[in-house]
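Asks: What shape does this take:
(one chain, ligands or ions: 1)
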Amino acid sequence: EKDGYAHFMLKEIHEQPAAYRRALAGRLLTGYPWVYLPELQLTAERLRQFRSVHIVACGTAYHAGLVGQTAIERWARLPVLTDVASEYRYRQPLITPETLVIVVSQSGETADTLAAMREARRQGAHVLAITNVVGSTAAREADDVLFTCAGPEISVASTKAYTTQLLVLYLFALHMACARGTLPAEEIGPIVEALGRLPEQAAALLERADDVADYAQSIAWQEHLFFIGRGADYAVAMEGSLKLKEISYIHSEAYAAGELKHGTLALIEEGTPVVALATQPELYEKTVSNIKEVIARGAQVLGIAAAGQPDLSVHAHRTLTIPDTHPMLAPALAVIPLQLLAYYASVTLGHDVDKPRNLAKSVTVE
Ligand code: F6R
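Replies: Numbers count the residues shown, from 1 in each chain. Got it, this is the predicted structure:
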């Protein structure tokens, strides 16, 4: 059932190109309205009425939500609040009928996410669930559902569920932008094309898994590791850090690259490994400055860059390049080496990859 892979996690990482194809299947068009989501109850008129969006989720799904926030703000021009479900519920969220609440949950059964969703509905929000499980509680109780079509995910550490959540969030952000008229057609076309290229690009990236395995072996006995990035890269850094902690038990932290010098830089010393994501052209030079800051304190940097940008290998000790894509979509590629890093570090240390200590696949307690 593992199809010859040593672990479910590795199988699921390698299933991502196929999962991307399923998540996009039938949903991309080549002209207005660009995105086809006929399952939605939300009409274009209703989509124009929303004044704010709240994205609520836990763990990895929350990290997908942070990327979704960037896409919705940028493309559909609405203010977005993204929060973890266990906090959102208790913060007396400012919900009105003009609030769209998006809950993101692989299982559709996470207790805190369901409770947040019920509270949002009680207060009159329209709730859209993005979930992988047909027939799950979230799918049944939400006003609207978009399925991620990742296929069953067995490994406790989420991989293909996360990346397909990203894809569905991108699709929904574009759909909203079409309805609201906030993004010119000449910008939408290239995004739609870039979405269509993601499956083959993910496959190309997976062919270079050995490079990551090699790097993972070099850091597996380190005590700490840092992930840094700006913008969408920061959200990916958070996901990379969670994955590494979760299955390799190596302590790591994700930092907004520009925030390091406000305290955390003190932890960087000779040999500290830092994974620096620099896939965002607008932020490239700024991130390079932050890479120089950590190198000056002795850090060993693995840089993750996008093809078509200035060569990061002149700054970082090692570089991994992801295929060229629209900057907003880079997380769907950049996270793949980070998933592999966590996987190979865990294997190197001899841990139970698919069943990490203290964790359960579905968290049904609050
Ligand atoms: C980490 C992981 C968890 C889940 C979280 C939410 O790899 O899998 O952080 O993402 O427990 O689960 P769902 O998406 O089922 O609500």
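
Asks: is it fair to say residue 92 lies in a helix?
Replies: No. Residue 92: not assigned to a helix; according to DSSP: H, G, I helix; E, B strand; the rest coil it is coil.

Asks: can you tell me how far it sits from residue 99?
Replies: 13 Å (CB to CB, to the nearest Å). The C-beta positions use only the backbone N, C-alpha and C, and glycine is treated the same way.

Asks: and those two? which has more neighbours close in?
Replies: Using other CB atoms under 10 Å as the criterion, residue 92 and residue 99 rank with residue 99 on top: 20 against 9.

Asks: The more buried one: what's it in contact with?
Replies: Applying CB atoms under 8 Å, 6 or more residues apart in numbering, we find residue 99 in contact with 50, 51, 52, 53, 54, 120, 125, 126.

Asks: tell me the secondary structure for whatever residue of the stretch 251-366 of the chain ends up closest to the ligand?
Replies: Relative to the ligand, the nearest point of the stretch 251-366 of the chain is residue 363 (4.8 Å; CB to the nearest ligand atom). Following three-state DSSP, residue 363 is assigned to coil.

Asks: Also residue 53?
Replies: Residue 53 ends up strand, using three-state DSSP.

Asks: how many other residues sit next to it?
Replies: Neighbours of residue 53 using other CB under 10 Å come to 24.

Asks: quick one on the thing from earlier: close enough to count as contact, the residue of the stretch 251-366 of the chain closest to the ligand and residue 60?
Replies: No. Judged on CB atoms under 8 Å, residue 363 makes no contact with residue 60 at a distance of 11.5 Å.

Asks: And the contacts of residue 99, which two are furthest apart?
Replies: 51 and 120 (14.7 Å; CB to CB).

Asks: Please say which of these two ends up with more neighbours.
Replies: residue 120 (25 against 11).

Asks: Can you name the element that comes right after the helix or strand harbouring that one?
Replies: Per DSSP states H and E, residue 120 falls inside helix 111-122. Per DSSP H and E, the first helix or strand lying C-terminal to helix 111-122 is strand 126-131.

Asks: how about the nearest residue to the residue most central in space within the chain, chain neighbours excluded?
Replies: With distances taken as CA atoms, centre = their mean, residue 64 lies nearest the centre of the chain, 3.6 Å away. Of all residues beyond its chain neighbours, the one nearest residue 64 is residue 165 (3.8 Å), with distances taken as CB to CB, 6 or more residues apart in numbering.

Asks: For the one you found, give me its contacts.
Replies: Contacts of residue 165 (CB under 8 Å, 6+ apart): 61, 64, 68, 104, 106, 130, 148.

Asks: Test my guess that the last one contacts residue 170.
Replies: In other words, residue 148. No. Using CB under 8 Å, residue 148 is not in contact with residue 170, being 11.7 Å away.

Asks: And for residue 96, the neighbour number?
Replies: By other CB under 10 Å, the residues close to residue 96 number 11.

Asks: can you give me the strands for the stretch 201-350 of the chain?
Replies: 224-229, 251-256, 273-278, 300-306, 318-322 (DSSP state E, counting those that start in this stretch).

Asks: Output the contacting helices and strands for the longest one.
Replies: So that's strand 300-306. Packed against strand 300-306 by the contact rule (3 or more CB pairs under 8 Å, 6 or more residues apart in numbering; DSSP states H and E) you find strand 273-278, helix 284-296, strand 318-322, helix 331-349.

Asks: May I see the ones you listed arranged in a markdown table, with mean neighbour count and mean pLDDT as well?
Replies: Output for these, formatted as a markdown table (neighbours: other CB atoms under 10 Å; pLDDT from 0 to 100):
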| stretch | mean neighbour count | mean pLDDT |
| --- | --- | --- |
| strand 273-278 | 28 | 98 |
| helix 284-296 | 17 | 97 |
| strand 318-322 | 20 | 97 |
| helix 331-349 | 26 | 98 |
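
Asks: and of the ones you listed, who's closest to residue 115?
Replies: helix 331-349 (27.6 Å).

Asks: can you give me the angle that closest one makes with strand 318-322?
Replies: Orientation of helix 331-349 against strand 318-322 (axes from the mean of the first three to the mean of the last three CA atoms, to 10 degrees) gives an angle of 130 degrees.

Asks: okay, helix 331-349 in CSV with CA atoms only?
Replies: In CSV, the C-alpha atoms belonging to helix 331-349 read as follows (Å, rounded to 0.1, in the frame of the first residue of the first chain):
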residue,chain,number,x,y,z
PRO,A,331,5.0,28.4,-2.0
ALA,A,332,3.5,25.4,-3.8
LEU,A,333,7.0,24.5,-5.1
ALA,A,334,9.2,26.0,-2.4
VAL,A,335,7.7,23.9,0.3
ILE,A,336,8.5,20.6,-1.4
PRO,A,337,12.3,20.7,-0.6
LEU,A,338,11.3,21.6,3.0
GLN,A,339,9.0,18.5,3.2
LEU,A,340,11.9,16.4,1.9
LEU,A,341,14.3,18.0,4.4
ALA,A,342,12.1,17.0,7.3
TYR,A,343,11.6,13.6,5.9
TYR,A,344,15.2,12.8,5.3
ALA,A,345,16.3,14.3,8.7
SER,A,346,13.8,12.1,10.4
VAL,A,347,15.0,9.0,8.5
THR,A,348,18.6,9.8,9.2
LEU,A,349,17.9,10.0,12.9
